[in-house]
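Peer 1: sequence and predicted structure below; questions after.
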Amino acid sequence: EVRLVESGGGLVQPGGSLRLSCAASGFTFSNYAMSWVRQAPGKGLEWVSAISSGGSRTNYVDSVKGRFTISRDNAKNTLYLQMNSLLPEDTAVYYCAKYLTSGQLYGLGYNRGQGTQVTVSS
């Protein structure tokens, strides 16, 4: 059974940083591209970033380019999202998700976890 557990969210001031983690189990993590998606209050799911199975290729939504960095440690079955220069509009529940292929770099993905809340406010 695919299991994804997000952590690392919290309350941060504008301009601050957070590092999200996603612990994966139940599948061969290194075989699949992964993504981060988010859902702001009252809005639908938004794709944020994706990374290929080996970690060599990444993709970002324009609103986070230059501020967020996606990475993965296949030895630890863990996906990360380093978020810098956070803005109030980044406030959302963040989810990691699994793609069905090794190279997909866009889309909401599948098997989302429970999410972790990120709140950017002064």
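Peer 2: Received it, and whenever you're ready, just let me know what you need.
Peer 1: now the end-to-end length of stretch 76-92.
Peer 2: Length of stretch 76-92, first residue to last, CA to CA, to the nearest Å: 26 Å.
Peer 1: one more: stretch 94-110?
Peer 2: Across stretch 94-110, the straight-line distance between its terminal residues is 14 Å, by CA to CA.
Peer 1: right, and L81 touches I70 too?
Peer 2: Yes: checked against CB atoms under 8 Å, the pair L81 and I70 is within contact range at 5.6 Å. All C-beta atoms are positioned from the backbone trio N, CA, C, and that covers glycine.
Peer 1: average pLDDT across the helix or strand hosting L79?
Peer 2: Assigned by DSSP states H and E, L79 belongs to strand 78-83. For strand 78-83, mean pLDDT is 98.
Peer 1: any chance you could list what contacts it?
Peer 2: Applying CB atoms under 8 Å, 6 or more residues apart in numbering, the contact partners of strand 78-83 are 17-24, 34, 36, 48-49, 51, 64, 67-73, 90, 94, 96, 118.
Peer 1: what do you get for stretch 15-23?
Peer 2: Stretch 15-23 is contacted from outside by 4-10, 12, 34, 36, 77-86, 94, 96, 113, 116, 118, 120, using CB under 8 Å, 6+ apart.
Peer 1: buried subset of those residues?
Peer 2: Buried subset of the contacts of stretch 15-23 (neighbour count, 16 or more other CB atoms under 10 Å): 4, 6, 8-9, 12, 34, 36, 77-81, 83, 86, 94, 96, 113, 116, 118, 120.
Peer 1: what pLDDT does the residue sitting nearest the centre point of the chain get?
Peer 2: The residue at the geometric middle of the chain, judged as the C-alpha nearest the mean C-alpha position with CA atoms, centre = their mean, is W36 (2.6 Å). If you check W36, the pLDDT there is 98.
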